[in-house]
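# what's the 3D shape of this:
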Amino acid sequence: MDAITLLKNDHKDMRALLAALEATTTRAVKKRESLLAKIEANLKAHTSIEEEIFYPAFKQAGSKSDDDKMYFEALEEHRAAGDLVLPDLLETDPSTDNFSGRAKVLKELVEHHAGEEEKEMFPRARKLLEKAELLALGEQMEIRKRELMRG
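This next block holds a predicted model:
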């Protein structure tokens, strides 16, 4: 599977998990905890493979200032979701409306980020990188993702 297909599949899975979390009520504490654990594991694995493998390849192949902007913006969006919003959500009582609000903010951040990648970065990556390169990156990313999900 090529790198972009892998990342798009991750986006689809993450959107489904976040939608399921948003649909829960304050009484569904166990379900919220279970979904949040899955979201955390998947988000960490996804951002890691992007930051360790895909983004550096994109940045290296890029030649325009717009490519650099996409790269740095993507990193900042990861930081906002993974280092700021997710940790707050993990420490929030799942039986509260505060949890619901933070879950919604995480969902909106992730959807915005995934949408930008799919509309801007991925089409650009297809122009910058050969099919064989995208396949090789995809293989590396699959292996690394499996390691991260196990660990």
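# give the other helices and strands that the helix or strand harbouring residue 35 contacts.
Here residue 35 sits within helix 29-49, counting by DSSP states H and E. Secondary-structure packing of helix 29-49 (3 or more CB pairs under 8 Å, 6 or more residues apart in numbering; DSSP states H and E): helix 3-22, helix 86-90, helix 97-116, helix 131-150. The C-beta positions use only the backbone N, C-alpha and C, and glycine is treated the same way.
# check which helices and strands the lowest-mean-pLDDT helix or strand in the chain is in contact with.
Counting by mean pLDDT, DSSP states H and E, the weakest-scoring helix or strand in the chain turns out to be helix 65-79, with a mean of 93. The contact analysis (3+ CB pairs under 8 Å, 6+ apart) places helix 65-79 against helix 55-61, helix 97-116, helix 122-128.
# 7 Å - rerun?
In terms of contacts (3 or more CB pairs under 7 Å, 6 or more residues apart in numbering; DSSP states H and E), helix 65-79 is packed against helix 55-61.
# show me the contacts for the residue of the chain positioned farthest from its centre.
What lies farthest from the middle of the chain is residue 27; by CA atoms, centre = their mean that is 27.4 Å. For residue 27, no residue meets the contact criterion (CB atoms under 7 Å, 6 or more residues apart in numbering).
# out of the helices and strands packed on helix 29-49, nearest to residue 72?
Evaluated with CB to CB, the helices and strands packed on helix 29-49 place helix 97-116 nearest to residue 72, the distance being 12.5 Å.
# ramachandran coordinates for residue 27?
When read as degrees, to the nearest 10, the backbone of residue 27 gives phi -80, psi -10.
# tell me the pLDDT of it.
Note on residue 27: pLDDT of 96.
# sorry, back to before: and the angle from the helix holding residue 35 to helix 3-22?
Relative orientation of helix 29-49 and helix 3-22, computed by axes from the mean of the first three to the mean of the last three CA atoms, to 10 degrees: 160 degrees.
# ok, and what's touching helix 29-49?
Contacts of helix 29-49 (CB under 7 Å, 6+ apart): 10, 13-14, 17-18, 20-21, 24, 78, 81-82, 86, 89-90, 94-95, 99, 141, 144-145, 148-149.
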